[in-house]
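Student: Have a look at this prediction, sequence included:
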Amino acid sequence: MLSDLEIKIVRELQAGLPLVEMPYLEIARRVGLAEEELIDAIKVMIRRGIIRRFGAALKHQDLGFTANAMVVWDVPENKAPEVGRTMAAYEQVSHCYQRPRRPDWPYTIFTVLHGQSREDCEKTAAKLAAETGIKEYKLLFSTRELKKSSMKYFLD
Amino acid sequence: MNLDRIDRKILQVIQSDFPLMERPYLQVAESVGISEGEVLERIGRMQEEGLIRRLGGLFNSRKLGYTGTLCALRVPHEDIERVAGIINEYHGVTHNYLRNHEYNMWFTMLAESENKLDELLTEIRQKTGITQILNLPAVNLFKVRVNFNL
């Protein structure tokens, strides 16, 4: 679990790094630390995996990665770990999860594929299907973004 | 959006491993070969244009004690705005997309506990009147997000 100090640091870092020459000094003052102490605390949080990535979150659509498809795969549960790991190894796969099967929903592996076009995503999906032998799958393309935001933790 | 070679180099450097030192922007400037002031100016511009959504930490929600799920529901075409309005109001809902499937609305939601998630889903069912929602929490995570080769 996180210390009170770490929670304070999360609150500051999720607001974003200030665009000034010494951004850590500014945040350190707000949380009551010396600059070096703050930098060390952030390093520890990265090492512990609390911070997954430290840097800029980009809007990929504007960088030429215009198409993304959520592909859902009907994979038997006992094969899911192996198939999941195989698919995750692909560069074009940005997310790969196993989720529970539901009465109305036979899919267990969920991947997000990125590409320059829909055809690109379709090709990647066909390649993944050929490699894993999973034939039942569907590409779900997003047709509209209704919301995309960064989570704000510890608001209260 | 017109990004030049220098913008792309900056993005490549700062999308992960943003420097953890006194003058991080100076460090970026040196690796790209421009001045610190220009780095600040370019990052500021890319933030204004929305290309950089945020500069800071991306957190592992589980390690912060949060739990999440992916939900899908079927929303009649004429009802999309109303239902999205209700769902998007929750600050734990971070992504919501329409997709080309009979389950057409897909959103992710984070909360402090599984109980809290269940509570929120019950509330969403009541408020939207859509009772059939696929609730698909992750049971295994194989990969989240790589850096993009710019």
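Tutor: In hand now; what should we look at? Residues are numbered from 1 along each chain as shown, chains lettered A, B, ... in the order given.

Student: Okay, helices next: where are they in the chain?
Tutor: Since no chain was named, I'll use chain A. A:4-13, A:23-31, A:35-47, A:80-88, A:118-132 (DSSP state H).

Student: Chain B, not that one
Tutor: B:5-14, B:24-32, B:36-48, B:80-88, B:114-128.

Student: re the thing from before, compile the helices of chain A into a markdown table and extend it with columns for distance to B:Val144, mean neighbour count and mean pLDDT.
Tutor: For every residue, glycine as well, the C-beta is placed using N, CA and C. Formatted as a markdown table, the helices of chain A follow (distance: least, Cβ to Cβ, whole Å; neighbours: other Cβ atoms under 10 Å in any protein chain shown; pLDDT from 0 to 100):
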| stretch | distance to B:Val144 | mean neighbour count | mean pLDDT |
| --- | --- | --- | --- |
| helix A:4-13 | 18 | 17 | 95 |
| helix A:23-31 | 25 | 18 | 97 |
| helix A:35-47 | 15 | 16 | 96 |
| helix A:80-88 | 9 | 19 | 97 |
| helix A:118-132 | 17 | 16 | 97 |
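
Student: domains for chain B, by residue range?
Tutor: B:5-49, B:61-137 (the TED database).

Student: Show the average pLDDT along the shortest one.
Tutor: Think domain B:5-49. Mean per-residue pLDDT for domain B:5-49: 95.

Student: does chain A sit close to that domain?
Tutor: Yes: looking at domain B:5-49 against chain A by Cβ under 8 Å from any Cβ of the partner chain, the contacts come from B:11, B:14-18, B:20-26, B:36, B:40, B:43-44, B:47.

Student: Can you flag the buried ones in those residues?
Tutor: Burial by neighbour count, 16 or more other Cβ atoms under 10 Å in any protein chain shown: within the residues of domain B:5-49 next to chain A this picks out B:Leu11, B:Ile14, B:Gln15, B:Phe18, B:Arg23, B:Pro24, B:Tyr25, B:Leu26, B:Glu36, B:Leu40, B:Ile43, B:Gln47.

Student: how about the residues you listed in JSON lines, adding distance to A:Ala80?
Tutor: Compiled in JSON lines, these are given as follows (distance: Cβ to Cβ, whole Å):
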{"residue": "B:Leu11", "distance to A:Ala80": "35"}
{"residue": "B:Ile14", "distance to A:Ala80": "35"}
{"residue": "B:Gln15", "distance to A:Ala80": "30"}
{"residue": "B:Phe18", "distance to A:Ala80": "35"}
{"residue": "B:Arg23", "distance to A:Ala80": "47"}
{"residue": "B:Pro24", "distance to A:Ala80": "41"}
{"residue": "B:Tyr25", "distance to A:Ala80": "44"}
{"residue": "B:Leu26", "distance to A:Ala80": "47"}
{"residue": "B:Glu36", "distance to A:Ala80": "49"}
{"residue": "B:Leu40", "distance to A:Ala80": "47"}
{"residue": "B:Ile43", "distance to A:Ala80": "41"}
{"residue": "B:Gln47", "distance to A:Ala80": "40"}
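
Student: A:Ile50 and B:Asn60 touch, don't they?
Tutor: Yes: assessed by Cβ atoms under 8 Å, A:Ile50 is found in contact with B:Asn60 at 6.0 Å.

Student: Looking at those two, which one has more neighbours?
Tutor: A:Ile50 (20 against 16; other Cβ atoms under 10 Å in any protein chain shown).

Student: Contacts only, for that one.
Tutor: The contact partners of A:Ile50, taken as Cβ atoms under 8 Å, 6 or more residues apart in numbering or on different chains, are A:Leu2, A:Glu6, A:Val10, B:Phe59, B:Asn60, B:Lys63, B:Leu64.

Student: Done for today, thanks.
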